[in-house]
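**Q** give me a model of this one.
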Amino acid sequence: MCGIAGIIHKQAGKGANIGEQMTSMLQALKHRGPDSTGYAMYGEDNGNQIMRFKVAEAADLEGSYDIHAAIEERLALIDSRLAELGVKVVKKESPTEYAHRYEIDFSGDMKKVADFVEDIEGVEILSIGNSLELIKDLGDAAIVSGQYGLDGFNGTHGIGHTRMATESDVDIRSAHPYWAYPFSDVAVVHNGQLTNYWTNRRALERKGHRFSSNCDSELIAVYIADRMNQGDDLETAMKNSVEYLDGVFTYLVATKDELGMAKDVMAAKPMVVYEGDDMIALASEEVAIRKLFDHRIETFDPYHGEVRVWQH
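**A** As a prediction, this is how the structure comes out:
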């Protein structure tokens with residue numbers, strides 16, 4: 001079933017507490033997806049790139065082999081490979097033993113960096129961007145927010161997801177959002193089921209695109225990346241996706257300065273929108289949007305096949 005939510009502030013600069021707002025919305029959608037929760041939030045661009053990555057799955061820490069030593073070896077190898085490419089690590093943070101955040105200074109080919117780092121067994125880059133912070137883990141929004149300290153995250157916009165696993169494992173790899181690798185600051189969340197996943201995945205892989213999971217939702221992120229690589233802007237790529245994707249879906253996509261929404265032509269998956277003068281909020285259920293207000297608001301449902309894009 002899953003739940004998705006998004007918010008964008010038009011006039012707030014970087015001062016809105018996106019972390020607290022997204023947590024409130026996603027916690028209200030907990031009943032739609034208790035397995036994992038994910039955030040893609042957009043904060044201040046200080047000129048450096050933010051790389052979020054994991055070196056293991058949470059469940060690995062319960063294994064019988066020495067995963068802790070393996071994690072340390074992987075981190076050391078990551079540092080070595082970044083140095084080899086001339087990447088300067090400005091700051092390191094480790095919210096958990098397996099999830100890490102590096103602030104890096106590098107003006108070269110970020111795809112080369114991502115490929116070189118991900119070539120290390122067990123390592124997966126969750127996102128790279130100037131303002132994007134992509135966080136996902138097992139548990140509901142309150143658990144993940146507390147674990148990663150998200151309640152004080154200030155920014156302009158964000159999207160999030162509560163996942164009920166149906167066709168792939170309950171792990172971080174299969175949780176949303178998905179980064180549109182290798183594009184900086186592009187992330188996707190999705191509610192629905194795609195029936196042409198494997199056919200289209202193989203076609204995109206032949207073009208050189210990488211998939212990190214077997215979750216059908218990742219296809220949307222990779223497709224958006226492919227279209228943008230061919231010169232499409234976000235809205236054009238999303239409009240093309242409505243014809244390209246087969247199945248039932250509603251998805252949200254965010255870039256450094258935009259938030260977009262698309263529904264399939266049958267409009268089988270729910271979406272509710274609040275559009276105010278200074279803020280737009282979207283969610284699978286109205287109850288999530290109402291968590292942001294202490295007064296009466298008006299909402300509406302998008303039409304079938306509709307694509308909308310907002311800017312901050």
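
**Q** C-alpha only now, for contacts and for neighbours.
**A** Will do.

**Q** any idea how far stretch 293-300 is from the chain center?
**A** In this view, stretch 293-300 has its centroid 26 Å away from the chain centroid, taken as CA atoms, centre = their mean, to the nearest Å.

**Q** for it, measure first residue to last.
**A** 16 Å (CA to CA, to the nearest Å).

**Q** contacts for it, please.
**A** For stretch 293-300, the external contacting residues (CA atoms under 8 Å, 6 or more residues apart in numbering) are 272-275, 286, 290.

**Q** just the buried residues of it, please?
**A** Of all the residues in stretch 293-300, not one is buried under the rule 16 or more other CA atoms under 10 Å.

**Q** quick one: mean pLDDT for that stretch?
**A** Across stretch 293-300, pLDDT averages out at 91.

**Q** hmm, back to that, just the ones in helices from the contacts of stretch 293-300, please.
**A** Those of those mapping onto helices are 286, 290, per DSSP state H.

**Q** okay if I get the contacts of stretch 293-300 as CSV plus distance to R32, neighbour count and pLDDT?
**A** Below are the contacts of stretch 293-300 laid out as CSV (distance: CA to CA, whole Å; neighbours: other CA atoms under 10 Å; pLDDT from 0 to 100):
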residue, distance to R32, neighbour count, pLDDT
V272, 15, 18, 97
V273, 18, 22, 97
Y274, 20, 18, 97
E275, 23, 16, 95
E286, 13, 22, 96
R290, 17, 19, 96
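
**Q** quick one: distance of the longest helix seen in the chain to the chain centre.
**A** The helix that spans the most residues within the chain, counting by DSSP H, is helix 67-84. On the basis of CA atoms, centre = their mean, helix 67-84 sits 24 Å off its chain's mean C-alpha point.

**Q** report the angle between the next helix or strand after it and helix 67-84.
**A** Under the assignment DSSP states H and E, the closest C-terminal helix or strand after helix 67-84 is strand 88-93. Strand 88-93 and helix 67-84 are oriented at 150 degrees to each other (axes from the mean of the first three to the mean of the last three CA atoms, to 10 degrees).

**Q** packing partners of strand 88-93?
**A** On a contact count with 3 or more CA pairs under 8 Å, 6 or more residues apart in numbering; DSSP states H and E, strand 88-93 meets strand 99-105.

**Q** repeat the analysis, applying 10 Å as the threshold.
**A** Applying 3 or more CA pairs under 10 Å, 6 or more residues apart in numbering; DSSP states H and E, one finds that strand 88-93 contacts strand 49-54, helix 67-84, strand 99-105.

**Q** just the pLDDT at Y42, thanks.
**A** The score at Y42 is 96. That number is its pLDDT.

**Q** again with Y251
**A** Model confidence at Y251, given as pLDDT, is 96.

**Q** surely I8 is in contact with L282?
**A** Yes: judged on CA atoms under 10 Å, I8 makes contact with L282 at a distance of 9.2 Å.

**Q** ranges for the helices of the stretch 51-200 of the chain?
**A** Listed in chain order, the helices of the stretch 51-200 of the chain (DSSP state H, counting those that start in this stretch) span 67-84, 110-118, 141-148, 197-206.

**Q** please identify the deepest-packed of the ones you listed.
**A** Comparing the helices of the stretch 51-200 of the chain by mean neighbour count (mean count of other CA atoms under 10 Å), helix 141-148 comes out on top with a mean of 18.

**Q** chain center to it, what's the gap?
**A** The answer for helix 141-148 is 16 Å, by CA atoms, centre = their mean.

**Q** what packs against it?
**A** Applying 3+ CA pairs under 10 Å, 6+ apart, one finds that helix 141-148 contacts helix 18-28, strand 36-42, strand 132-138, strand 157-163.
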